[in-house]
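Asker: fold the following, please.
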Amino acid sequence: MNSNFLNEQTSLTIILPVMDEVDSQQKTLDILDADFGISVCMILVVCEKTTKEALEIATRYCKRREFANLLWQTRPFLGGAIQDAIDIVQTSHFLIMASDCETNPVDAIRLWKKSQGNPASIIIGSRWLAPRSFSQYGKARLLANRLFQIMVSSMWHQSITDFTFGFRVIPTRYARQVYPTTLKHEYLLESFLLMLKLGVEVIEIPTIWKARNEGISHNVFYRNSKYLLIAIQVKLKSPMKTRA
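Answerer: Now for the predicted structure:
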């Protein structure tokens, strides 16, 4: 373990991009408040495509809660939203989540507690550590996902079971040592692989995935064909030491 981590107080920022989630966003925020209280910072990232109803919930929340910020993203897409948020994070760690409950908000506190005991590690929620962790995912999509995880695990000589799920607690300093080039959902894979090239330890805990029940998915399935190419490209390049 990096000795620098042993002497610092860990602190957390939760990054929550918001698009068209209303009931699920409110549910996520309520659960996070109940589990964390005001002990963590929050960044709710919105953009010009964020619906009026979703924006109203995010705005009200940030006005009433201490250490909550409403951030209008400047870079496009999901990867851009996360990178914009990382730029203003002031805590030792951050947690990436979705506001549509596809990342189970009940498990957020479990990831953070594991991180507090292992502050130099990336803690990720894996959908493949326990049976029946996927709900309404589709058999073909489930098989493709599983095969991809096995291929990348073999390629990278890692025992990691879930490279693409973005439910992660990450030490902020690691994220600022890499410079991903993708801005859409592929960002979650590319940034993670770049941090692996830094020699970061990864710890997985089981979590579940459940399809959103409102709005539309912004991760189009055909885009997943790009993920394998990204895994190969990152494997062949040297990690970036600075982040733009």
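
Asker: neighbours of residue 56, just the number please.
Answerer: For residue 56, the neighbour count with other Cβ atoms under 10 Å is 12. Every C-beta, even on glycine, is put in place using the N, C-alpha and C of the backbone.

Asker: per-residue pLDDT, it?
Answerer: Listed pLDDT for residue 56 reads 98.

Asker: once you drop chain neighbours, what's closest to residue 46?
Answerer: Nearest in space to residue 46, with sequence neighbours left out and distances taken as Cβ to Cβ, 6 or more residues apart in numbering, is residue 18 at 5.1 Å.

Asker: next, count neighbours for that neighbour.
Answerer: By other Cβ under 10 Å, the residues close to residue 18 number 26.

Asker: for the chain, give me the ranges with low pLDDT.
Answerer: 1-9, 213-224, 238-244 (pLDDT under 70).

Asker: output the host helix or strand of residue 34 as PDB, restricted to C-alpha atoms.
Answerer: In this structure, residue 34 sits in helix 23-36 according to DSSP states H and E. Extracted in PDB, the C-alpha atoms of helix 23-36 (Å, rounded to 0.1, in the frame of the first residue of the first chain):
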ATOM      1  CA  ASP A  23     -38.300   9.400  -9.500                       C
ATOM      2  CA  SER A  24     -35.100   7.300  -9.600                       C
ATOM      3  CA  GLN A  25     -33.000  10.400  -9.100                       C
ATOM      4  CA  GLN A  26     -35.000  11.300  -6.000                       C
ATOM      5  CA  LYS A  27     -34.800   7.800  -4.700                       C
ATOM      6  CA  THR A  28     -31.000   7.700  -5.200                       C
ATOM      7  CA  LEU A  29     -30.500  11.000  -3.400                       C
ATOM      8  CA  ASP A  30     -32.800   9.900  -0.500                       C
ATOM      9  CA  ILE A  31     -30.900   6.700   0.000                       C
ATOM     10  CA  LEU A  32     -27.500   8.400  -0.200                       C
ATOM     11  CA  ASP A  33     -28.600  11.000   2.300                       C
ATOM     12  CA  ALA A  34     -29.900   8.300   4.700                       C
ATOM     13  CA  ASP A  35     -26.700   6.200   4.400                       C
ATOM     14  CA  PHE A  36     -24.000   9.000   4.300                       C
END
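
Asker: backbone phi and psi for the residue nearest to residue 46, please?
Answerer: phi -130, psi 130 (degrees, to the nearest 10).

Asker: that one is in contact with residue 50, isn't it?
Answerer: Yes: Residue 18 lies in contact with residue 50 (Cβ atoms under 8 Å); the separation is 5.6 Å.

Asker: shared neighbours of these two, anything?
Answerer: residue 58 (Cβ atoms under 8 Å, 6 or more residues apart in numbering).

Asker: quick one, strands of this protein?
Answerer: 12-17, 41-46, 68-72, 93-96, 122-126, 134-135, 168-171, 202-206, 209-210 (DSSP state E).

Asker: can you redo those as a markdown table with mean neighbour count and distance to residue 182?
Answerer: Below are these laid out as a markdown table (neighbours: other Cβ atoms under 10 Å; distance: least, Cβ to Cβ, whole Å):
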| stretch | mean neighbour count | distance to residue 182 |
| --- | --- | --- |
| strand 12-17 | 24 | 15 |
| strand 41-46 | 23 | 17 |
| strand 68-72 | 17 | 20 |
| strand 93-96 | 25 | 15 |
| strand 122-126 | 24 | 18 |
| strand 134-135 | 14 | 24 |
| strand 168-171 | 24 | 16 |
| strand 202-206 | 18 | 20 |
| strand 209-210 | 18 | 21 |
